[in-house]
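give me a model of this one.
(chains A and B)
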Amino acid sequence: MIKAITGTKDILPDQIARWHYLEMIVSYIMECFNYKEIRTPVFEETSLFARGIGEATDIVSKEMYTFIDRSETSVTLKPEMTASVVRALNEHSLDKKQGLNKLYYISPMFRQERPQAGRYRQFHQFGAEAIGSDNPALDAEMIVIAYDILKSLGLNDLTVKINSLGVPVSRENYKNILREYLTPHLKNLSEDSQKRFETNILRIFDSKAENDQKIMEDAPLLIEHLDDNSLENFEKVKQILLHAQIPFEIDPKLVRGLDYYTHTTFEILSGSVGSQSALCGGGRYDGLSEQLGGTAIPGVGFAAGIERILLACENEKSLDLPTESIDLYLVRLDKELQNAAYNLSLILRRNDLVVELDYLQRSVKAQMREANKFNAKYVLFIGGEEYERNEVVLKNMSDGEQQNINLEDLSTIISKIIGE
RNA sequence: GUGGGCGUAGCUCAGUUGGUUAGAGCGUCUGGUUGUGGCCCAGAAGGCCGUGGGUUCAAGUCCCAUCGCUCACCCCA
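Predicted structure coming up:
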């Protein structure tokens, strides 16, 4: 038997209500902030991600789903959304049509990593991008939106961490300072961090090795080497968050992995999902559009992992979804009435009732058991002497009361049930 | 790419120091008088014990390999 590819998951019917609910909350809150949905293809030319995310990052070097198609073009299943959105914006000159584009998305993403709790090869993210302004109010808005969505899903064990990466020049200067500090400690660092010293020195702050952490305690911090403008922006972001009553921590060691981030970066962590605790992350990416060969447009955005969020909801038992039910189950008393029963169900269904009936020619008892299993509000019996009199029997399943109804009056039961 | 844990019914799991026809709960199906659910009761179906090899008189149980799942590392949402 063929099974789903490693790291992919079927979302079965008993889970789908949770997904619908989350998607509903996301669109609702996004649209309150006047973000418009954008959908982009699941795959793009490989170079889009290679240039956008950064050639040296692990995502590009070993974690992308990349294929050569029949026209010898290298294509890649999108590992994240920002590069695609910026591409679409430039391609359709959305920035010429209005100064600021506020966009959101809910979409599958793909990364060829080893799966673990809250990490899959096909996973789903929602997120937002505000492109066309360097106003720090938008940096803060990203955090507000993300936080409000998570709160609306009933999550409580949340930590918001923010930091500023400043502008590329000051970051490069700072990297040199950090390099100077670390050089004498180099041989005491873990093997992984020695590699990071070459590839992505900032990430040594994230090292889980105890000794590395000790060394990094006294390391100079990026936030101490920001230019005045960056500090001022960061200050504004903090003020808005305070005003929005969003609890946050400044984490000078928070360094996002992707190359394109500038100024504000943030993460929202959950204490209830295991090792992969970041539910969402984002930040400002003022240089990205230009880096992709488009016009220079500042932007800010975030992305949130849906599987992780639903895992957190499950562990915190925070989603209180109503139990599902159907309006009416149509019970056939006589086997000969299959067609009549089906025709009747059709009328009811076309009048917006959620109706089920037996397709397996089962006994009345079995049909009733099924009606109960589906949580039917009403059962409609068709057959017997009532049917000969052109009547059907309607039973209220909560109090057991029954009444005969003439088929001519079917519209009254319909309105009665819908009217509840 | 690296390391740990685990693979027995649809699901969650028992299965003694290797020893007859592999079990339970839940779920499914059927019935418990003519045409009525939940609760209860009775019965039934459903297992190459992940796969392949080995040790043994004898393997679900021990050994090896392999595949899969899972958690963690790297990296990252």
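
can we go C-alpha only for contacts and neighbour counts from here?
Will do.

show me where the stretch 251-400 of chain A dips below the pLDDT cut-off.
A:257-259 (pLDDT under 70).

how about a cut-off of 90?
A:251-262, A:272-276, A:287, A:290-294, A:315, A:317-323, A:335-336, A:360-361 (pLDDT under 90).

so which residues of it form strands?
A:262-270, A:278-284, A:299-305, A:328-332, A:355-357, A:378-382, A:391-396 (DSSP state E, counting those that start in this stretch).

would TSV of those with mean neighbour count and distance to residue A:198 be doable?
Listed next are the strands of the stretch 251-400 of chain A as TSV, based on neighbours: other Cα atoms under 10 Å; distance: least, Cα to Cα, whole Å:
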stretch	mean neighbour count	distance to residue A:198
strand A:262-270	24	21
strand A:278-284	26	24
strand A:299-305	25	28
strand A:328-332	26	66
strand A:355-357	20	64
strand A:378-382	23	69
strand A:391-396	20	72
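
distance to residue A:228 added to these, as a markdown table?
Converted to a markdown table, the strands of the stretch 251-400 of chain A look like this (distance: least, Cα to Cα, whole Å):
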| stretch | distance to residue A:228 |
| --- | --- |
| strand A:262-270 | 12 |
| strand A:278-284 | 17 |
| strand A:299-305 | 20 |
| strand A:328-332 | 67 |
| strand A:355-357 | 65 |
| strand A:378-382 | 69 |
| strand A:391-396 | 71 |
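
need those in TSV (columns: distance to RNA strand B).
Output for the strands of the stretch 251-400 of chain A, formatted as TSV (distance: least, Cα to the nearest atom of the strand, whole Å):
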stretch	distance to RNA strand B
strand A:262-270	6
strand A:278-284	4
strand A:299-305	4
strand A:328-332	9
strand A:355-357	12
strand A:378-382	6
strand A:391-396	6
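
contact residues of the stretch 1-150 of chain A facing RNA strand B?
When proximity is defined as Cα under 7 Å from any atom of the strand, the stretch 1-150 of chain A approaches RNA strand B at A:4-7, A:57-59, A:111, A:113-121, A:123-125.

ok, of the residues you listed, which come out buried?
Taking 16 or more other Cα atoms under 10 Å as the criterion, what is buried in those is A:7, A:57, A:59, A:111, A:113, A:118-121, A:123-125.

was I right about residue A:244 contacting residue A:144?
Yes. Counting by Cα atoms under 8 Å, residue A:244 touches residue A:144, with 7.4 Å between them.

the two - which one has more neighbours?
Legend: neighbour count by other Cα atoms under 10 Å for residue A:244 and residue A:144, higher for residue A:144 (17 against 12).

mind giving me the packing neighbours of the helix or strand hosting the more buried one?
Counting by DSSP states H and E, the element that carries residue A:144 is helix A:136-152. In terms of contacts (3 or more Cα pairs under 8 Å, 6 or more residues apart in numbering; DSSP states H and E), helix A:136-152 is packed against helix A:13-32, helix A:228-243, strand A:262-270, strand A:278-284, strand A:299-305.

how about the ones you listed, which one is nearest residue A:204?
Set against residue A:204 and scored by Cα to Cα, the helices and strands packed on helix A:136-152 come closest in strand A:262-270, at 17.0 Å.

what comes into contact with that closest one?
With contact meaning Cα atoms under 8 Å, 6 or more residues apart in numbering, strand A:262-270 is reached by A:139, A:143, A:147, A:157-168, A:230, A:233-234, A:254-256, A:277-287, A:312.

circling back to that earlier point, just the closest of the buried ones among the residues of the stretch 1-150 of chain A next to RNA strand B to RNA strand B, please.
residue A:119 (4.1 Å; Cα to the nearest atom of the strand).

residues contacting the closest one?
A:7, A:276, A:307-308.

break down the stretch 51-200 of chain A into its helices, ranges please.
For the stretch 51-200 of chain A, the helices defined by DSSP state H, counting those that start in this stretch occupy A:58-62, A:82-91, A:94-97, A:136-152, A:168-182, A:191-199.

please point out which parts of the shortest one sit buried.
Looking back up the chat, that one is helix A:94-97. Buried-residue list, helix A:94-97, by 16+ other Cα under 10 Å: A:94-95.

put the alpha carbons of that helix into CSV.
What follows is helix A:94-97 as a C-alpha-only set of coordinates in CSV (Å, rounded to 0.1, in the frame of the first residue of the first chain):
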residue,chain,number,x,y,z
LEU,A,94,0.9,47.0,-7.7
ASP,A,95,3.2,49.6,-6.1
LYS,A,96,2.4,52.0,-8.9
LYS,A,97,-1.3,51.6,-8.4
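
mind giving me the packing neighbours of it?
Counting contacts by 3+ Cα pairs under 8 Å, 6+ apart, helix A:94-97 packs against no other helix or strand.

from the chain's centre, how far out does that helix sit?
Per Cα atoms, centre = their mean, to the nearest Å, the displacement of helix A:94-97 from the mean C-alpha position of its chain is 27 Å.

what's that helix in contact with?
A:89, A:101, A:131-132.

what do you get if the cut-off is 10 Å, keeping everything else the same?
By Cα atoms under 10 Å, 6 or more residues apart in numbering, the surrounding residues in contact with helix A:94-97 are A:86, A:88-90, A:100-101, A:131-132, A:295, A:297.

can you put those in TSV and add neighbour count and distance to residue A:375?
Shown next, in TSV, are these (neighbours: other Cα atoms under 10 Å; distance: Cα to Cα, whole Å):
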residue	neighbour count	distance to residue A:375
A:86	23	47
A:88	16	46
A:89	17	48
A:90	19	51
A:100	16	48
A:101	20	45
A:131	26	48
A:132	20	51
A:295	14	57
A:297	20	54
